[in-house]
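Enquirer: The following comprises the amino acid sequence and a computationally predicted model.
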Amino acid sequence: MPQPNSHFSPQLRLSDGMIEALKFLALVLMVLDHTNRFVLGGSMPSFSYVGRLAFPLFAAILGWNLARPSLSESGADRRMLKRLFLFGLAASIPYVGLLGYQWWQLNILFTLWAGAAIVLLIKSRQPAAMLLAAVLFALSGTMVDYAWYGVAVCIASWAYSRQPTWISFLAWIACIASLVVINHNFAALFAVPLLLFASGKEVRFPRYRNFFYWFYPLHLVLLGFLAQA
């Protein structure tokens, strides 16, 4: 569990059901954004605006899960890392084809993978691992979606979930705000009050194992077909 809050800062307490609900919400927002971008030709800018919330929501859930001691104890963190990498590879062909990018420009699953990998290296507290984390941050930012700003959001989400002080809280907000460099607006910041509103609330929501991993590459394939129709 995240460490106790000794500085009276806002903190996240996401129940399992709320995590699933937030993932589905982020997925819907992502689809709206991608549909407007690739199928509707940007004719619905409101779709893209609300879609800016998707990434910080996914990053916050990633950070919250990585802050759970049970994840490391069961080895689930390494399995999650493996799934992010493999499904990121699976999404690479439709991603590059849809956006017309170069093969080395990597999708959002690799952004989450890089953030998670860096967190695991930091958690090891080994000098060599810390150096490798710094190298991975520097290199991954040149290739992944959202660049260094996105990787930083993932790391800051973990740091805040692990120890919710005012410093970690403000650092988390600052990292999300830095996405303006990519998004050209501050819409991503609306994810912060949404997450704080969701904190501590219990909801019933079904869990579909690996659904989100499969959905990402498949929805890119579908959007590719629709864009050509």
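Expert: Thanks, I have it.
Enquirer: Could you tell me how many residues sit around Asn183?
Expert: The number of residues packed near Asn183 is 17, by other C-beta atoms under 10 Å. (Glycine included, C-beta is placed from N, CA and C.)
Enquirer: contacting residues for it?
Expert: By C-beta atoms under 8 Å, 6 or more residues apart in numbering, the contact list for Asn183 reads Arg52.
Enquirer: Please report the distance of it from Gly75.
Expert: Distance, Asn183 to Gly75, by C-beta to C-beta, to the nearest Å: 35 Å.
Enquirer: Pro56: which element?
Expert: helix 54-66 (DSSP states H and E).
Enquirer: buried sites along that helix?
Expert: Using 16 or more other C-beta atoms under 10 Å as the test for burial, helix 54-66 gives 54-66.
Enquirer: now do stretch 34-41
Expert: Neighbour counts over stretch 34-41 (16+ other C-beta under 10 Å) mark 34-40 as buried.
Enquirer: Sitting in helices, which of those residues do you find?
Expert: Residues of those located in helices (DSSP state H): 34-38.
Enquirer: circling back to that earlier point, on contacts alone, who are the packing partners of the helix or strand following the helix holding Pro56?
Expert: Later in the chain than helix 54-66, the nearest helix or strand by DSSP H and E is helix 69-74. Contacts defined by 3 or more C-beta pairs under 8 Å, 6 or more residues apart in numbering; DSSP states H and E place helix 69-74 against helix 76-99.
Enquirer: For the next helix or strand after the helix it packs on, give me every contacting residue.
Expert: Downstream of helix 76-99, the first helix or strand assigned by DSSP H and E is helix 108-124. With contact meaning C-beta under 8 Å, 6+ apart, helix 108-124 is reached by 55, 58-59, 62-63, 66, 72, 77-78, 80-81, 84-85, 87-88, 91, 129-130, 132-133, 136-137, 140, 143-146, 150-151, 153-155, 157-158, 213, 216.
Enquirer: ditto for stretch 65-83
Expert: For stretch 65-83, contacts defined as C-beta under 8 Å, 6+ apart pick out 1-2, 19, 113, 116-117, 119-120, 123, 158, 161-162, 210, 213.
Enquirer: Who wins on neighbours among these?
Expert: With neighbours taken as other C-beta under 10 Å, the top of the contacts of stretch 65-83 is Trp158, carrying 28 neighbours.
Enquirer: Show me the shaky parts of the chain.
Expert: Confidence mapping of the chain against pLDDT under 70 gives the ranges 1-9, 101, 103, 229.
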